[in-house]
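Engineer: structural data only, the sequence is not supplied:
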């Protein structure tokens, strides 16, 4: 082989290596554009009933420390090895409990405003057999700081399951609760709860801000959009059993999210979260408008409303369908 030919081959290999390097870098950049440090995302398993492992390190063989439910919002603290994100769940602004670990980015939806994700976070009712309620703690330990005592009958939303603990949300607060305080299996079905009854006055439609609050672009960890003062009139678009309400307010017809606790409404002319009765036999759909029929509810059957919106639909659960589905609001009465 001549000197010129060897030189040509070396140059060719070098150029191909450079092209390959830029291709890999472009692929990494494209991934980082979707999953960036500091960005919020929502757990979005293709099968909504599956749970996402939170691992000790960025490795499929690493120990799973918790399992997250679909619909749980997370904050991306860093991106590791291209396909892993180190995430944080919860709000430590007020010293609340947080959950951190590594998750695979294939199961995160970063388009939390424009792209919907199925929500499968169960709602449980506290049923401590000793009748003393249950403490929410800052960490999964009986020696950890107590963030609050919640009574039997109160409802909590489970964001993640650990070995002996639930990582939960109550209103806008997050923390850990021992599993021993719950006597029911994980599901969205609850026959009654004091928390739902306490919010029974809230319905879609006109409402008032009861205390100064921030409005966010998404539930549980969106960007701050505005601060609304006490007494401002707003419109409730939808209510969700995760402790949040979607509202419109002066200067923003697109809407945003606030906690239930800052809203007050007359409660007339619409459905609220909690127990309801089927007024006429109706089908339960997998989605609003054109979803598949997943169950049929008989007249007089009792259901629990998990979500209600101003489009005339409500998500409900029942004894025969704990996974839930959508029905027309006109088929329900309270």
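Structural biologist: Sure thing, it's come through. All figures in this text were calculated on a predicted structure; none of them were measured in a lab.
Engineer: CA atoms for contacts and neighbours, from now on please.
Structural biologist: OK.
Engineer: my guess is residue 324 is in a helix, correct?
Structural biologist: No: per DSSP: H, G, I helix; E, B strand; the rest coil, residue 324 lies outside any helix segment and is strand.
Engineer: spatially nearest residue to residue 239, not counting backbone neighbours?
Structural biologist: residue 245 (4.6 Å; Cα to Cα, 6 or more residues apart in numbering).
Engineer: swap in residue 162?
Structural biologist: Take residue 162 and drop its neighbours on the chain: the residue closest to it by Cα to Cα, 6+ apart is residue 66, 4.6 Å away.
Engineer: related to what we said a few turns ago, and for the residue nearest to residue 239, the neighbour number?
Structural biologist: Neighbours of residue 245 under the rule other Cα atoms under 10 Å: 27.
Engineer: now do residue 60
Structural biologist: Counted with other Cα under 10 Å, the burial measure for residue 60 works out to 14 neighbours.
Engineer: kindly report the same for the one 5 residues further on.
Structural biologist: Applying other Cα under 10 Å, we find 17 residues neighbouring residue 65.
Engineer: before we move on, what about residue 312?
Structural biologist: Residue 312, neighbours per other Cα under 10 Å, totals 16.
Engineer: cool, residue 251 as well?
Structural biologist: 8.
Engineer: which residues in the stretch 101-250 of the chain form strands?
Structural biologist: 108-109, 123-125, 134-137, 146-150, 155-161, 165-170, 173-178, 205-209, 213-216, 224-228, 233-240, 244-249 (DSSP state E, counting those that start in this stretch).
Engineer: the longest one packs against which elements?
Structural biologist: If you count contacts as 3 or more Cα pairs under 8 Å, 6 or more residues apart in numbering; DSSP states H and E, strand 233-240 packs onto strand 205-209, strand 244-249, strand 302-309.
Engineer: could you do the fourth one as well?
Structural biologist: Using 3+ Cα pairs under 8 Å, 6+ apart as the contact definition, the elements that strand 146-150 packs against are strand 134-137.
Engineer: in this structure, which spans are helices?
Structural biologist: 3-34, 194-198 (DSSP state H).
Engineer: weakest of those by average pLDDT?
Structural biologist: Note on the helices of the chain: lowest mean pLDDT is at helix 194-198, with a mean of 28.
Engineer: tally of neighbours for residue 81?
Structural biologist: Neighbours of residue 81 under the rule other Cα under 10 Å: 9.
Engineer: and the closest residue to it other than its chain neighbours, its phi and psi?
Structural biologist: Spatially, and ignoring its direct neighbours in sequence, residue 81 is nearest to residue 58 (7.4 Å; Cα to Cα, 6+ apart). When read as degrees, to the nearest 10, the backbone of residue 58 gives phi -80, psi 70.
Engineer: wait, residue 167 sits on residue 175?
Structural biologist: Yes: Residue 167 lies in contact with residue 175 (Cα atoms under 8 Å); the separation is 5.7 Å.
Engineer: which one of the strands of the stretch 101-250 of the chain is the most hemmed in?
Structural biologist: Stretch with highest mean neighbour count among those: strand 173-178 (a mean of 26; mean count of other Cα atoms under 10 Å).
Engineer: how far away is the residue nearest to residue 81 from residue 73?
Structural biologist: Distance, residue 58 to residue 73, using Cα to Cα, to the nearest Å: 19 Å.
Engineer: one more: residue 158?
Structural biologist: In terms of Cα to Cα, residue 158 sits 12 Å off from residue 73.
Engineer: likewise for residue 79?
Structural biologist: Relative to residue 73, residue 79 is positioned 16 Å away (Cα to Cα).
Engineer: give me the below-cutoff pLDDT ranges for the stretch 51-200 of the chain.
Structural biologist: 92-94, 111-118, 171-172, 183-200 (pLDDT under 70).
Engineer: can I get the helices and strands packed on strand 233-240 in TSV with mean pLDDT and distance to residue 257?
Structural biologist: Converted to TSV, the helices and strands packed on strand 233-240 look like this (pLDDT from 0 to 100; distance: least, Cα to Cα, whole Å):
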stretch	mean pLDDT	distance to residue 257
strand 205-209	85	12
strand 244-249	88	5
strand 302-309	84	13
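Engineer: so for residue 89, which of those strands sits nearest?
Structural biologist: Of all the helices and strands packed on strand 233-240, it is strand 244-249 that lies closest to residue 89, at 16.2 Å by Cα to Cα.
Engineer: output the contacting helices and strands for that closest one.
Structural biologist: strand 233-240, strand 252-259.
Engineer: list the buried ones in the last one?
Structural biologist: Just to be clear, that refers to strand 252-259. By neighbour count with 16 or more other Cα atoms under 10 Å, strand 252-259 contains the buried residues 255-259.
Engineer: one step back: residue contacts, the residue nearest to residue 81?
Structural biologist: Residues in contact with residue 58 (Cα atoms under 8 Å, 6 or more residues apart in numbering) are 80-81, 84-85, 102-103.
Engineer: and with 7 Å instead?
Structural biologist: With contacts defined as Cα atoms under 7 Å, 6 or more residues apart in numbering, residue 58 is in contact with 80, 84, 102.
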